[in-house]
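J.: mind looking at a prediction? Sequence and model below.
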Amino acid sequence: MPSMKPGAPVQVKDGALRRLALRASIMGRRLAIFSEDLGAVRAPGFGAVAAVFLGVTGLYGVALGGHTMTVVDGVGQPLGFAIDNIDVKGNHETSEIDILQTLWGTGAQSLLSLDPGAARQALEAMPWIEKASVAKVYPDRVAIDLAERKPFALWQNGQELFIVDRDGRPIVPFGADRFSNLPLVVGTGAETHAAEFLDQLEVLPELRARVRAYIRVGGRRWDLRLDNGVTVRLPEEQPVEAAAEVARMDREEGLLSRDIAAVDMRIEDRMVIKLTPDAVVRRNAALKARQKLIARSEKDKPV
């Protein structure tokens, strides 16, 4: 190892350390000259450089080892910058405990080490949180303001059931009874097309109140499953107009209260009614009885 002469600059490979060492060397020289001007003993240039260099090297090692936050917290907490108060606003579905755990998960224990941007990203990764803002309030407070996603519908995809927002983005799996009154949409693509279709059906409040499930068929059209089990099959084009015709027939003729299984509106200018199995049996029995009556009346006619 080459010997170092007092006052000689330290040779370091790393660019940042080289600049720091050079500055330390200059400071050491200036300190020595200042001491000499005061009549003090001239301090060895190497000693000043070594002290500063060792300090810089230590901090650089701490940063490389990923311990910067720990060191900063170790300094900040005794000075009164420890995070002692956290104010949370805007949370309705997200518990404060989960919010605090997420904040502590960033590793910060004091305001000095807290990165608001990293904390915001961690909070916005939580299921219910749409947007978050995190602000430091010195000396010991963190202010968190949240905007949560709003549940719009329940989406059944195969055997899975999710709570989704208006855009169809799944929030969390369904598991709370208090969301059971949300509209149920079923099938692939139902989650992303539901909002537009349900908004259009607002003009038919009586019919919509009876719908228990909106079923997306073939990614193109909708079926309505009503509260009495009747299925209304709507066409791909002008589905709301077709639904309005069904609502009119129900209002005037009591269509949906009859013993039917489905109302098919997919054929233009035609309504096809499908009876329930029991209704089919009764209908066939009535037809046979009618045919017997006709045959008997024909037999009893005088020749």
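T.: Received, thanks.
J.: which residues of the stretch 1-150 of the chain score low on pLDDT?
T.: Applying pLDDT under 70 to the stretch 1-150 of the chain flags residues 1-80.
J.: hey, what's A143 bridged with?
T.: D87, A135 (DSSP bridges).
J.: that one: what's it in contact with?
T.: By CB atoms under 8 Å, 6 or more residues apart in numbering, the residues touching A143 are D87, K89, V134, A135, K136, V137. (Glycine included, C-beta is placed from N, CA and C.)
J.: and those residues, which are buried?
T.: Of the members of these, the ones counted as buried by neighbours, 16 or more other CB atoms under 10 Å, are V134, K136.
J.: export the contacts of A143 to TSV and tack on distance to L112?
T.: As requested, the contacts of A143 are exported to TSV (distance: CB to CB, whole Å):
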residue	distance to L112
D87	19
K89	24
V134	15
A135	15
K136	9
V137	13
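J.: quick check, nearest of the contacts of A143 to A190?
T.: Ranked by distance to A190 (CB to CB), these are led by K89 at 33.9 Å.
J.: average pLDDT across the helix or strand where E252 lies?
T.: Using DSSP states H and E, E252 maps to helix 239-253. For helix 239-253, the mean per-residue pLDDT is 96.
J.: which elements pack onto it?
T.: Secondary-structure packing of helix 239-253 (3 or more CB pairs under 8 Å, 6 or more residues apart in numbering; DSSP states H and E): helix 190-200, helix 205-210, strand 221-226.
J.: need the next SSE after that helix, C-terminal direction.
T.: strand 260-264.
J.: for the nearest residue to D250 once chain neighbours are set aside, give me its contacts.
T.: With CB to CB, 6 or more residues apart in numbering as the criterion, D250 has its nearest non-adjacent residue at 4.4 Å, and that residue is L256. By CB under 8 Å, 6+ apart, the residues touching L256 are R210, L226, N228, V230, V246, D250, V263.
J.: now with 7 Å?
T.: L226, V230, D250 (CB atoms under 7 Å, 6 or more residues apart in numbering).
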